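Peer 1: Turn this into a model:
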Amino acid sequence: MIKKEQIIEILQTCFDPEIPIDLWNLGLIYDIIINDKSISITMTLTTPGCTMAEQIAQDIKNKINELKGVENVDVVITFEPIWEPKMMTDKGKQILGFSQNKSTDNNWE
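Peer 2: Next comes the predicted model:
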């Protein structure tokens with residue numbers, strides 16, 4: 001039986017070519033549906049004008065198809081809701097240098 005955790009592990013090996021972070025931690029994956037031997041991924045991109053959509057989707061399909069028991073992988077790209085940086089995981093924010101702690105040293109007033 002294919003588990004969601006396996007799919008997430010694979011998605012953590014798929015990267016946005018312009019941002020050095022994986023799709024899962026970047027917050028681009030909206031839904032994972034496992035129906036027996038078929039996997040459906042609903043995802044978005046950081047911008048609607050991204051020219052790498054097909055390559056990203058194909059990378060996901062190729063890697064998930066390597067899982068034993070998978071017969072079909074469908075990747076649906078949506079822009080609703082539109083991606084925002086707040087959708088990143090804490091790990092993603094840390095990788096990109098976003099801090100949870102607000103410094104008072106940068107008070108511009």
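Peer 1: ok, which stretches of the chain are strands?
Peer 2: With strands called from DSSP state E, the chain shows them at 29-35, 38-43, 72-77.
Peer 1: What separation is there between the residue nearest the centre of the chain and residue 36?
Peer 2: The residue lying closest to the centre of the chain (Cα atoms, centre = their mean) is residue 23, at 2.6 Å. Residue 23 is 24 Å from residue 36, where distance means Cβ to Cβ, to the nearest Å. All C-beta spots, glycine's among them, are computed from the backbone N, C-alpha and C.
Peer 1: do residue 3 as well
Peer 2: 13 Å.
Peer 1: what's the answer for residue 65, then?
Peer 2: In terms of Cβ to Cβ, residue 65 sits 15 Å off from residue 36.
Peer 1: and what of residue 88?
Peer 2: Counting by Cβ to Cβ, the gap from residue 88 to residue 36 is 31 Å.
Peer 1: what residue ranges in this structure score low on pLDDT?
Peer 2: Scanning the chain for pLDDT under 70 picks out 99-109.
Peer 1: elements contacting the helix ranked longest in it?
Peer 2: When the chain is parsed with DSSP state H, its longest helix is helix 53-65. With contacts defined as 3 or more Cβ pairs under 8 Å, 6 or more residues apart in numbering; DSSP states H and E, the packing partners of helix 53-65 are helix 4-11, strand 38-43, strand 72-77.
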